[in-house]
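A.B. asks: Structure for the following, please:
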Amino acid sequence: MVCIRRHLLTAVIAFSLVTATSCNDSGEQNQQQSQSDAISTDAQLFALVTREQPFTSYALFPRADSVTTGTLNGSNAHQPMVRVSLNTTAFDALQDGELPPGDSFPDGSIILKEIRSGGQTILFAILFKDRSNSLAGNGWLWAEYQPNGKVAFSVAAMGNGCISCHMREQGVQHDLVRTFERQQ
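C.D. replies: Modelled structure (predicted):
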């Protein structure tokens, strides 16, 4: 009987620890990735934005046209039209549609850009904030995918070829998210 009580007490303590580490003070589950389930492949990131946290539920980038044309200074990437959205973690980091001066997006933030042509999405460009990830370039995982999931730019490239453009103009003051330059 004592042994059963001890096992029951151990199970209750273990459950309490698991619950405490998977919930925040208000009881909501944390959205940030833990070290054990960090993104390490292109397939994992694509699954995150299409199944686990589907981009179709993201908010449109505030005060920017829902679909826009043109280039940002110094960039010919992502043509001819783009639509940018943010997951809840990224959106909640904003105040009045802006990233507060000196702030950066929290880990778990996703910025997803749909590159569109002829009214259809032809490419997804994704930024996923995970500063502790060994694949992160300047704190972000950088990737591009065709709508069927085929990799166009791998997270393994660590943003090489992307970061230099994202650091131009207002990029640095906006944690490398240049869509702020499109705000009205």
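
A.B. asks: who does the residue most central in space within the chain bridge with?
C.D. replies: If you average the C-alpha coordinates of the chain and look for the closest C-alpha using C-alpha atoms, centre = their mean, you land on Ile110, 1.6 Å from that point. Applying DSSP bridges to Ile110 yields these beta-bridge partners: Phe128.

A.B. asks: Correct me if wrong: it contacts Leu86.
C.D. replies: Yes. Under the criterion of C-beta atoms under 8 Å, Ile110 lies in contact with Leu86, with a separation of 6.9 Å. C-beta here means a position set from N, CA and C on the backbone, and glycine is covered the same way.

A.B. asks: shared neighbours of these two, anything?
C.D. replies: With C-beta atoms under 8 Å, 6 or more residues apart in numbering applied, the overlap between the contact sets of Ile110 and Leu86 consists of Tyr58.

A.B. asks: wait, what's in contact with the residue nearest to the centre of the chain?
C.D. replies: The neighbourhood of Ile110, defined by C-beta under 8 Å, 6+ apart, consists of 48-49, 53, 55, 58, 86-87, 89-90, 126-129.

A.B. asks: Quick check: what element follows the least confident helix or strand in the chain by mean pLDDT along the chain?
C.D. replies: Counting by mean pLDDT, DSSP states H and E, the chain has its least confident helix or strand at helix 2-22, which shows a mean of 37. Read in the C-terminal direction, the helix or strand following helix 2-22 is helix 42-47, with elements assigned using DSSP states H and E.

A.B. asks: what sits up against that following helix?
C.D. replies: Under the contact criterion C-beta under 8 Å, 6+ apart, helix 42-47 has outside partners Ile39, Ile126, Phe128, Leu141, Ala143, Tyr145, Gly149, Val151, Ser154, Val155, Ala156.

A.B. asks: hey, where'd the strands end up in this structure?
C.D. replies: In the chain, the strands defined using DSSP state E lie at 59-60, 68-69, 81-86, 110-117, 120-129, 140-145, 151-153.

A.B. asks: What is the burial count for the closest residue in space to Met158 that isn't next to it in sequence?
C.D. replies: Nearest in space to Met158, with sequence neighbours left out and distances taken as C-beta to C-beta, 6 or more residues apart in numbering, is Gly137 at 3.9 Å. Applying other C-beta atoms under 10 Å, we find 19 other residues in the vicinity of Gly137.
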